[in-house]
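Asker: Next one to model:
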Amino acid sequence: MSATTGVETEGKLAFWIYLMTDCILFASLFATFMVLRGATAGGPDGKEIFELPFVFAETMVLLLSSLASGFALLAAHAGSKVATLRWLAVTGLLGAVFLGMELYEFNALVAEGHSWTKSAFLSSYFGLVGTHGLHIFAGLVWLAGTWLYIFKRGLKGRLMSRLTMFTMFWHFLDIVWIGIFTIVYLLGVL
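Answerer: Predicted structure coming up:
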């Protein structure tokens with residue numbers, strides 16, 4: 001086994017360990033939300049504050065960004081630098097739109113007097129959804145670095161491994177969001 005292969009294997013193992021710790025983090029946040037979702041302190045619950053059509057649109061934007069990241073990885077495997085860069089740009093644009101929608105939703109809730117300080121329900125909601133948003137932001141930073149690397153150096157070196165890890169991370173965020181959409185929003189309006 002060459003030194004490069006050993007480094008790649010260690011990097012993949014470290015990435016999987018990171019993803020597992022993120023699973024534990026989000027599982028804890030989901031559990032906290034489920035325990036506290038009825039603790040409204042006499043304030044609003046999900047039925048009163050969630051706008052399902054807006055969140056559904058937000059969900060579609062994120063799912064499309066995940067599809068674009070998959071196309072970027074396929075383009076990279078096909079050896080097309082231009083197509084890879086284009087699909088990564090689409091991924092980043094859609095990810096930024098999603099993050100902007102999430103920030104808009106947070107701002108609207110706070111402006112209506114529904115901040116994280118009003119109840120345990122709102123604290124757990126902002127904690128869970130906000131942590132997901134921070135991960136999206138980190139993914140966008142990672143994406144920008146990957147895009148610049150490909151733009152300057154092309155599709156060589158350990159890029160395929162790094163791009164695969166990014167795509168897995170982005171898909172992981174989609175899976176977490178589907179959980180948020182289902183548990184927080186859909187069950188929240190029932």
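
Asker: number of nearby residues for Pro17?
Answerer: Quick fix: residue 17 is Ile, not Pro. Residues within reach of Ile17, counting by other C-beta atoms under 10 Å, total 10. Any C-beta I mention is one placed from the backbone N, CA and C, and that applies to glycine too.

Asker: er, Thr9 actually
Answerer: 12.

Asker: Which helix or which strand is home to it?
Answerer: For Thr9, the element it lies in under DSSP states H and E is helix 3-36.

Asker: Determine the set of other helices and strands touching that helix.
Answerer: Secondary-structure packing of helix 3-36 (3 or more C-beta pairs under 8 Å, 6 or more residues apart in numbering; DSSP states H and E): helix 120-153, helix 159-180.

Asker: Tell me where the protein is predicted with low confidence.
Answerer: 1-8 (pLDDT under 70).

Asker: okay, the helices and strands packed on helix 3-36 in JSON lines with mean neighbour count and distance to Met60 next?
Answerer: Below are the helices and strands packed on helix 3-36 laid out as JSON lines (neighbours: other C-beta atoms under 10 Å; distance: least, C-beta to C-beta, whole Å):
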{"stretch": "helix 120-153", "mean neighbour count": "17", "distance to Met60": "15"}
{"stretch": "helix 159-180", "mean neighbour count": "18", "distance to Met60": "11"}
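
Asker: among the ones you listed, which is nearest Ala14?
Answerer: Closest of those to Ala14 is helix 159-180, at 9.6 Å (criterion: C-beta to C-beta).

Asker: any idea how far the closest one is from the chain center?
Answerer: 8 Å (C-alpha atoms, centre = their mean, to the nearest Å).

Asker: Equivalent analysis for stretch 88-103, please.
Answerer: 10 Å.

Asker: quick one: whichever strand or helix holds Ser66 to chain centroid distance?
Answerer: Assigned by DSSP H and E, Ser66 belongs to helix 52-77. Here helix 52-77 is found 10 Å from its chain centre; the criterion is C-alpha atoms, centre = their mean.

Asker: before we move on, what about stretch 152-161?
Answerer: Relative to its parent chain, stretch 152-161 has a centroid offset of 24 Å by C-alpha atoms, centre = their mean.

Asker: Just the CA atoms of it, as CSV, please.
Answerer: What follows is stretch 152-161, C-alpha atoms only, in CSV (Å, rounded to 0.1, in the frame of the first residue of the first chain):
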residue,chain,number,x,y,z
LYS,A,152,-7.0,26.1,-10.5
ARG,A,153,-5.7,22.5,-10.6
GLY,A,154,-8.3,20.4,-12.4
LEU,A,155,-9.6,16.9,-11.6
LYS,A,156,-6.4,15.4,-10.3
GLY,A,157,-4.8,14.2,-7.1
ARG,A,158,-7.0,13.2,-4.2
LEU,A,159,-9.8,15.4,-5.5
MET,A,160,-12.1,12.5,-6.3
SER,A,161,-11.9,11.3,-2.7
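
Asker: what sits against the residue sitting nearest the centre point of the chain?
Answerer: Central residue of the chain (C-alpha atoms, centre = their mean): Leu173, 3.5 Å from the mean position. By C-beta atoms under 8 Å, 6 or more residues apart in numbering, the contact list for Leu173 reads 62, 66, 132, 135-136, 139.
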